[in-house]
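A.B. asks: no sequence for this one, just the structure:
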């Protein structure tokens, strides 16, 4: 009986892993919610049951990592970061599964990046890069290179961004890590898009779509991001009907998924831009207002809200002066660098 009690948390943990992995193969909204709910419940049970004397097995930190992944899938980054911090704090560095510690660190850096806490993210990324050759899990190595490429892209160090993306791609190809290959190809496309190498960007995005069938349906987030990036590229190069096609594909994928809020907003914004380019402001407004509602529910989307509010103000010109002024005030409030300061 004592033995059964001692091993119960580990049985529960592996059960929760099964539930979480089942969710990767299903993109039906209600079914995904049910499966992830079961996974979350099992994780909580394993954390509660795990005893301090078994901390060397590092079940608790991995359970917190799964909880963080579930919140990340729902784009609740602050909660995901909270769980990953719990996981790191409970990690026994002298225990088993020492290779997973770096995985949690990379995940934390990822969440920090998405929350625009770039200095904190870069500290972790640079620390991992200093010993990248010692990291045993190659999927973590690829993740670190991806995070570094994104960081360099943000600071406009484009040459370094390309180098890190290509390093990550080599790791994914050598070790057949398809989901990271997909994401790194997408990042490389974003870099080329930023430096206006449109042909290279398009080839990178099309390379992603060529392996889309090899990804689990749970990887809808990166898939939709590529559809939106390709749609944006085509709009920017005046191939607007092709651009609309990819944005509409993104919308279709988002409608069938429980947690595609952020990508859904990006796709709707793209369709709004398409209609504006076609001189159809009413259709543009409809899509942009839907996008705005979603952005307002997400964390750290101030720049997106600012951009869409300006587009709406422009779209309402000569249609509704009151709404034009409403969105222009919203834009100006968000653009005001002093609006976060308390008045004295």
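C.D. replies: Done, it's in. Note that the structure is a prediction, hence the values are computed from the model and not measured. Residues are numbered from 1 along each chain as shown.
A.B. asks: Can you list the low-confidence ranges for the stretch 201-344 of the chain?
C.D. replies: Residues of the stretch 201-344 of the chain that meet the criterion pLDDT under 70 lie in 217-218, 256-260, 299-300, 339-344.
A.B. asks: hmm, try it at 80
C.D. replies: Within the stretch 201-344 of the chain, the ranges that satisfy pLDDT under 80 run 216-221, 255-261, 298-301, 337-344.
A.B. asks: And for the stretch 51-200 of the chain?
C.D. replies: Applying pLDDT under 80 to the stretch 51-200 of the chain flags the ranges 51-58, 73-75, 92-99.
A.B. asks: repeat that for 90
C.D. replies: When residues are selected by pLDDT under 90, those of the stretch 51-200 of the chain lie in 51-64, 66-67, 69-76, 90-100, 179.
A.B. asks: quick one, helices of it?
C.D. replies: 59-73, 77-89, 100-114, 118-130, 138-154, 158-175, 178-194, 198-210 (DSSP state H, counting those that start in this stretch).
A.B. asks: now these as JSON lines including mean neighbour count and distance to residue 315?
C.D. replies: No exception for glycine: its C-beta is placed from N, CA and C like everyone else's. Converted to JSON lines, the helices of the stretch 51-200 of the chain look like this (neighbours: other Cβ atoms under 10 Å; distance: least, Cβ to Cβ, whole Å):
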{"stretch": "helix 59-73", "mean neighbour count": "23", "distance to residue 315": "32"}
{"stretch": "helix 77-89", "mean neighbour count": "19", "distance to residue 315": "30"}
{"stretch": "helix 100-114", "mean neighbour count": "22", "distance to residue 315": "29"}
{"stretch": "helix 118-130", "mean neighbour count": "16", "distance to residue 315": "32"}
{"stretch": "helix 138-154", "mean neighbour count": "23", "distance to residue 315": "29"}
{"stretch": "helix 158-175", "mean neighbour count": "18", "distance to residue 315": "33"}
{"stretch": "helix 178-194", "mean neighbour count": "23", "distance to residue 315": "24"}
{"stretch": "helix 198-210", "mean neighbour count": "18", "distance to residue 315": "26"}
